[in-house]
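*Asks:* 3D, please:
(one chain, ligands or ions: 1)
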Amino acid sequence: MSYKEDILRLRAEGKSYSEISHELGCSKGTVAYYLKEDAPAKVVASNPFAQKIINYVDNFKETRPCISCGAYYHKSQLDVLDDNSLDSIIATVVDKETFEKSKRKISQLKFICANDDRLRKFRAAN
Ligand SMILES: [Zn+2]
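*Replies:* Below you'll find the predicted structure:
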């Protein structure tokens, strides 16, 4: 399943990563993957394992509670707390072996629900 066309269309309409993520129900990592804007995302673009990792993380999310409110959510409602950590994990995966190794790092990722993430960002900015 690919969000590519919708992501590119919404971005062209001037939507932010968060808005696109919210509207399509996909993670910001997926949005970044298709927009290929920053350096880690360029690594992602040339990495055939990137989509596998993003899918694996999406499934893993549903086994973990939001770090802020402790509730369990649908994968579309959870984001990786630190987007950079997912990019750096993706950058280390080049084959099946490194993909297996990345699962341990993925198991240490923290997730935050969309509601709490918005509140956290609002408080940080004010
Ligand atoms: Zn929460």
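*Asks:* going by C-alpha atoms from here, please, whenever you check contacts or count neighbours.
*Replies:* Fine.
*Asks:* per-residue pLDDT of Ser21, please?
*Replies:* At Ser21, the pLDDT value in this model is 91.
*Asks:* show me the contacts for it.
*Replies:* Applying CA atoms under 8 Å, 6 or more residues apart in numbering, we find Ser21 in contact with 27-28, 31.
*Asks:* tell me which helix or strand it sits in.
*Replies:* helix 17-24 (DSSP states H and E).
*Asks:* can you list the buried residues in that helix?
*Replies:* In terms of neighbour count (16 or more other CA atoms under 10 Å), helix 17-24 has its buried residues at 17, 20-21.
*Asks:* roughly how far apart are the nearest residue in space to Ser27 that is not next to it in sequence and the ion?
*Replies:* Sequence neighbours aside, Ser21 is the residue nearest to Ser27 in space, at 5.5 Å (criterion: CA to CA, 6 or more residues apart in numbering). Separation of Ser21 from the ion (CA to the ion, to the nearest Å) stands at 17 Å.
*Asks:* how near is Ser21 to Ser107?
*Replies:* 22 Å (CA to CA, to the nearest Å).
*Asks:* isn't Ser102 up against Ala91?
*Replies:* No. Using CA atoms under 8 Å, Ser102 is not in contact with Ala91, being 10.0 Å away.
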